[in-house]
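Engineer: Turn this into a model:
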Amino acid sequence: MRTSVLTLVRGREAHLGNLLKSIAAQTTAPDELVIAWMQDAPFEGLPDPGCPVRHVMVTGEPMPLAKARNRAADAASGDLLIFLDVDCIASPRTVEAYRAAASERDGLFLGEVFYLPAGAVGDTLDFASLDRLGQTHPAKPVTPSHGVREEPNAGELWGLSFALLRQLYLTIGGMDEAFVGYGGEETDFAARIAASGLRFFWTGGARCYHQHHAISVPPLQHFEHILRNAELFHGRHGRWCMDYWLGQFNDQGLISWSSESRGIEVLRQPTPAEIAAARQGEDRLFS
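Structural biologist: Residues are numbered from 1 along each chain as shown. As a prediction, the model looks like this:
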């Protein structure tokens, strides 16, 4: 089974370098790495990932996440697509574990992610240290230590780490490029996969480590994108996504909304001071 690892990049040069180092450390090397660049030019002088690299340039504003995933999948030559966020460091068995799971059954495969504190990653990758320092997201279920466990909730799909056969990705239609900017495209993709009958599986051994970066809670800098994409999702599926953020926007008096609403009434825009105040310190790992 030929395997392609895919990642999307805008900025985060140091994080990308660590991801490439982790690809070079895999017990089973992928057949290629596909990098979808959502910026003017690739970075130079990056570490050698130990496999051929394809570069795909993706234009568009705001950040064209769905489009970039689709262009990366189009360019990939592998039978299995492993999508890893640029913030991820892959544990050495990640490719091996995803390949083993996909060789035994059809499905979409999810990997465990440990969140790292600031300063956790040095010049060389120490996976024992990353295991010790990393924390699981409190909202995520426990991942099996080996093998797979079926996940009945399609909403557990997250874009940090997942894998599926390229043909299945293309048959489902990939990500919906009507979703632009922050949020919604992964949840829409998961809903369409679930409707197709494809099952989801947590995959033991496919652990990744999320490299720290500052976050905003709530993500007021993406206010308009979240509202637009949430309404697009609701119009297609009859339910809300990103309701956690919508609830916080409602509590702050920015919108009038509830889970029973048919639409979102914008009361006012967040102020620059509110956007700045939402920015969290280095001790905050989870949004």
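Engineer: from here on, contacts and neighbour counts on C-alpha atoms
Structural biologist: Noted.
Engineer: Roughly how far does the residue nearest to Gly263 when sequence neighbours are not counted sit from His225?
Structural biologist: Among residues not flanking Gly263 along the chain, Glu231 sits closest, at 6.7 Å (Cα to Cα, 6 or more residues apart in numbering). From Glu231 across to His225, the span is 10 Å (Cα to Cα, to the nearest Å).
Engineer: Over to His212?
Structural biologist: Using Cα to Cα, His212 is found at 23 Å from His225.
Engineer: more neighbours, those two?
Structural biologist: His212 (21 against 18; other Cα atoms under 10 Å).
Engineer: That one looks like it's in a strand, true?
Structural biologist: No - using DSSP: H, G, I helix; E, B strand; the rest coil, the assignment for His212 is coil, not a strand.
Engineer: you'd agree it is up against Ala118?
Structural biologist: Yes - if you go by Cα atoms under 8 Å, His212 and Ala118 touch, sitting 5.3 Å apart.
Engineer: mind checking the end-to-end distance for stretch 53-61?
Structural biologist: Counting by Cα to Cα, you get 25 Å between the two ends of stretch 53-61.
Engineer: Please apply the same query to stretch 69-87.
Structural biologist: Start-to-end, stretch 69-87 (Cα to Cα) is 15 Å.
Engineer: buried sites along that stretch?
Structural biologist: For stretch 69-87, a neighbour-count test (16 or more other Cα atoms under 10 Å) marks 69-73, 75-87 as buried.
Engineer: next one: stretch 144-164
Structural biologist: Neighbour counts over stretch 144-164 (16+ other Cα under 10 Å) mark 147-149, 151, 154-157, 160-164 as buried.
Engineer: Kindly report the same for stretch 32-51.
Structural biologist: Residues of stretch 32-51 classed as buried: 32-38, 42, 49-50 (neighbour count, 16+ other Cα under 10 Å).
Engineer: which one among those gets closest to Asn18?
Structural biologist: Of all the buried residues of stretch 32-51, Pro49 has the smallest distance to Asn18: 9.6 Å, by Cα to Cα.
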